[in-house]
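Colleague: pasting the sequence and the predicted model now:
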Amino acid sequence: MSRIPGCLALASLLPALAAAQPAAEPEAETDAAREQAAQHFQSGVSLMQNDNWEAALLEFERSLELFPTRNALFNLGMCQKALFRYVVATRTFERFLELYREVPEAAPQIQAVNDAMQELRGLRASISVDVNVAGAEIRIDDQPVGSAPLIDPIAVDPGRRTVEARLDGYGGAPQIVTVTSGETVAVHVVLTEIARIGRVRVEANVPGAEVWVDDALLGAVPYRGDLAEGEHTIEVRAPGYETQTQTVAVATGDERIVTVSLARPGGADPAWFWSMVGVTSAATVATAALGAVVIVKDQDYSQNPTQDALDEGDRLMLATDICLGVAVAAAVAGVVLAFTTNWSDEETPDEEPGVEVTPTVGASGDGAGLFLLGRF
């Protein structure tokens with residue numbers, strides 16, 4: 001009879017176990033299941049006698065699935081121990097003691113289990129895992145063992161073990177550590193927050209308008225760039241236009257398109273004010289010129305009082321009154337515009353579009369007159 005490598009010899013137990021059929025249990029499901037379980041049990045015992053521990057383990061697992069028995073559970077633990085699976089073997093033996101500690105017929109097996117567990121305590125290793133982010137799932141050899149922070153070390157089999165921590169929004173490389181029997185290795189896992197980035201595209205009706213995000217100038221429209229996930233305040237600014245502000249929520253992997261229509265502030269265009277200034281000036285000059293002509297014509301009428309001279313004087317007086325009225329009206333309009341004009345985007349008056357009025361005094365065979373030449 002060969003012995004389990006590095007484990008408790010089963011020479012004294014195998015004959016009894018080989019002969020023992022799975023004990024009848026009150027909770028037997030069916031005779032067919034019991035019979036199949038017995039067949040797998042006997043196959044497992046035969047494989048154990050030939051040191052084929054891996055195959056024997058599979059037979060005992062199947063036997064336990066079909067019909068759980070004390071002997072199959074005991075043999076399963078011994079196979080796990082022989083395969084150097086010390087941690088899972090310990091759990092199997094603990095389960096055996098929970099179920100059969102008070103069963104008199106199990107006394108020889110209980111003694112063997114206690115001896116095996118005593119040996120396993122010196123064969124197992126352990127890993128103490130510390131993670132910089134609470135709540136992270138801790139895995140050893142891709143099996144979850146708990147969440148950070150872990151209070152107690154995790155029992156592991158000796159050898160090379162892979163330790164990692166996982167948490168949504170964080171990343172970190174797995175660590176490979178080598179542990180030996182009876183040793184406790186401390187592992188510190190650092191998780192780094194993964195940047196959550198989205199994109200934003202800003203368009204506006206004024207080329208070159210500035211794009212400000214969270215009070216920081218990022219560029220000019222059309223603008224496209226990355227932003228961290230969350231809400232951001234986007235402002236579009238341009239000289240002579242009212243600033244437009246929008247609050248947008250950026251999601252990771254998405255692109256938000258922000259379209260802005262800039263408008264000039266309320267109030268009249270400065271061109272109208274300067275036009276009224278021009279009209280007032282022109283009408284004032286015209287009134288003065290016509291007044292001078294009226295005085296001259298009045299002297300001519302005193303020397304040569306004819307009906308034609310009288311009619312011409314009346315026409316000149318009417319033209320003078322009209323020019324004076326235009327001058328007064330334009331002056332009043334200019335005063336009003338001075339208070340209602342938007343001066344934020346004023347340019348040089350000569351460059352502004354508007355109304356240009358030029359007074360011209362002329363004479364013909366029918367008499368003298370004032371001409372107002374306008375250009376829009």
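Modeller: Sure, I can see it.
Colleague: what's near enough to touch the one residue sitting closest to the centre of the chain?
Modeller: Most central in the chain under CA atoms, centre = their mean is Glu229, positioned 2.4 Å from the mean C-alpha point. When contacts are counted by CB atoms under 8 Å, 6 or more residues apart in numbering, Glu229 touches Arg196, Ile197, Gly198, Val250, Ala251, Thr252. Backbone N, C-alpha and C define where each C-beta goes, glycine included.
Colleague: so the third one sits against Val250, correct?
Modeller: It stands for Gly198. Yes: counting by CB atoms under 8 Å, Gly198 does reach Val250; the two are 3.8 Å apart.
Colleague: Ala238 reaches Asn205, doesn't it?
Modeller: No: Ala238 is beyond contact range of Asn205, at 9.4 Å (criterion: CB under 8 Å).
Colleague: overlap in contacts of those two?
Modeller: With CB under 8 Å, 6+ apart, Ala238 and Asn205 have common neighbours Leu262.
Colleague: ok, these two, which is more surrounded?
Modeller: Using other CB atoms under 10 Å as the criterion, Ala238 and Asn205 rank with Ala238 on top: 20 against 14.
Colleague: so what does the more buried one have for phi and psi?
Modeller: phi -150, psi 140 (degrees, to the nearest 10).
Colleague: helices of the chain, start to end?
Modeller: 14-19, 31-49, 53-66, 70-82, 86-100, 107-123, 270-303, 307-340 (DSSP state H).
Colleague: show the model's pLDDT score for Ala165.
Modeller: Note for Ala165: predicted pLDDT of 94.
Colleague: how many neighbours does it have?
Modeller: 25.
Colleague: relative to Gly171, how far out is the residue nearest to the residue nearest to the centre of the chain when sequence neighbours are not counted?
Modeller: Leaving aside its sequence neighbours, Glu229 sits nearest to Arg196 (CB to CB, 6 or more residues apart in numbering; 3.7 Å). Distance from Arg196 to Gly171, counting by CB to CB, to the nearest Å: 12 Å.
Colleague: these two - which one has more neighbours?
Modeller: Per other CB under 10 Å, whichever of Arg196 and Gly171 has more neighbours is Arg196, with 14 against 11.
Colleague: low-confidence ranges in this structure?
Modeller: 1-29, 266-269, 297-304, 307-309, 337, 339-376 (pLDDT under 70).
Colleague: single out the most deeply packed of the helices of the chain.
Modeller: helix 70-82 (a mean of 25; mean count of other CB atoms under 10 Å).
Colleague: so which elements touch that one?
Modeller: Contacts defined by 3 or more CB pairs under 8 Å, 6 or more residues apart in numbering; DSSP states H and E place helix 70-82 against helix 14-19, helix 31-49, helix 53-66, helix 86-100, helix 107-123.
Colleague: are any of the contacts of Glu229 buried, and if so which?
Modeller: Buried subset of the contacts of Glu229 (neighbour count, 16 or more other CB atoms under 10 Å): Gly198, Val250.
Colleague: which of the contacts of Glu229 fall within strands?
Modeller: Ile197, Gly198, Val250 (DSSP state E).
Colleague: Pro68: neighbour count?
Modeller: Count around Pro68 with other CB under 10 Å applied: 14.
Colleague: for Glu105, that is, sorry about that
Modeller: The local packing of Glu105 (other CB under 10 Å) involves 10 other residues.
Colleague: ok, it to Glu98 distance?
Modeller: 16 Å.
Colleague: cool, and Val279?
Modeller: Distance from Val279 to Glu98, counting by CB to CB: 107 Å.
Colleague: cool, Val177 as well?
Modeller: With CB to CB as the criterion, Val177 and Glu98 are 32 Å apart.
Colleague: try Gly334
Modeller: In terms of CB to CB, Gly334 sits 103 Å off from Glu98.
Colleague: with Ser126 instead?
Modeller: 22 Å.
Colleague: pretty sure Asn205 sits against Val260.
Modeller: Yes: between Asn205 and Val260 there is a contact at 7.5 Å, judged by CB under 8 Å.
Colleague: beta-bridge partners for Glu210, please?
Modeller: Under DSSP bridges, the beta-bridge partners of Glu210 are Ala220, Arg237.
Colleague: give me the neighbour count for it.
Modeller: Other residues within reach of Glu210, judged by other CB under 10 Å, total 18.
Colleague: so what's it up against?
Modeller: Going by CB under 8 Å, 6+ apart, Glu210 touches Leu217, Gly219, Ala220, Val236, Arg237, Ala238.
Colleague: just the buried residues out of those residues, in ChimeraX syntax.
Modeller: To isolate the buried ones among the contacts of Glu210 in ChimeraX, judged by 16+ other CB under 10 Å, type:
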select :220,236,237,238
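Colleague: would you turn the contacts of Glu210 into JSON lines with distance to Thr306?
Modeller: Formatted as JSON lines, the contacts of Glu210 follow (distance: CB to CB, whole Å):
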{"residue": "Leu217", "distance to Thr306": "79"}
{"residue": "Gly219", "distance to Thr306": "80"}
{"residue": "Ala220", "distance to Thr306": "75"}
{"residue": "Val236", "distance to Thr306": "73"}
{"residue": "Arg237", "distance to Thr306": "71"}
{"residue": "Ala238", "distance to Thr306": "67"}
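Colleague: let me know the closest of the contacts of Glu210 to Arg160.
Modeller: Closest approach to Arg160 among these (CB to CB): Gly219, at 51.2 Å.
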